[in-house]
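> quick check, what structure comes out for this input:
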Amino acid sequence: LVVRGRPDPAGPVLLAVDGSPQAEAAVGFAFAEASLRGAELVALHAWSGWTGRGDDDPGHPQNLVDDAGRLGDTEERVLAEALAGWQAKYPDVTVRRDLVRKSARQALIEASEEAQLLVVGARGRGGFTGLLLGSVSQAVLHHAHCPVAVVRAGQD
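Coordinates of the predicted model:
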């Protein structure tokens, strides 16, 4: 947990959803924190097609995809599957799903302005590499406007 910024005490708990199996621990942590705090949970899933560059460059190939709607539907399923079962376990938590087409870093940093806590997962594989954080985790630790919890999956 890195305490930084000026969290909004009335704001939501913000969860970064990437759909990976390793992120399940972060989802559980975020639901538990939202329940303890009596806060809304905003589950944010950012997607940007092929490269992760988002909508920054209108000429970028990602923005030329003919079937962006189909890709969006797929990303919506990723978000729904990541939350499956958790809402039943925490019925007191109001969940708002936020699906955005832009870089995860940019979307999370912007959304953190109104949050009281940002929860992200870590995909470390154990040993020395398990101590390393991904680019999104690094970015939010340095630029988020609220405290950030990086939650690692348990070791088998």
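> lowest-scoring secondary structure element of this structure by mean pLDDT?
Here the helix or strand of the chain ranked lowest by mean pLDDT, DSSP states H and E is helix 68-83, holding a mean of 76.
> any idea how far the very next helix or strand once past it is from the middle of the chain?
Downstream of helix 68-83, the first helix or strand assigned by DSSP states H and E is helix 86-89. Relative to its parent chain, helix 86-89 has a centroid offset of 18 Å by CA atoms, centre = their mean, to the nearest Å.
> buried ones in helix 86-89?
Neighbour-count burial for helix 86-89 flags Trp86 (criterion: 16 or more other CB atoms under 10 Å). Using the backbone N, CA and C atoms, a C-beta is placed for each residue, glycine as well.
> also stretch 34-48?
34-35, 37, 39-48.
> what do you get for stretch 90-108?
For stretch 90-108, the neighbour count (16+ other CB under 10 Å) marks 90, 93, 95, 98-108 as buried.
> any weak-confidence spans in this structure?
For the chain, applying pLDDT under 70 flags the ranges 49-72, 123-134, 154-156.
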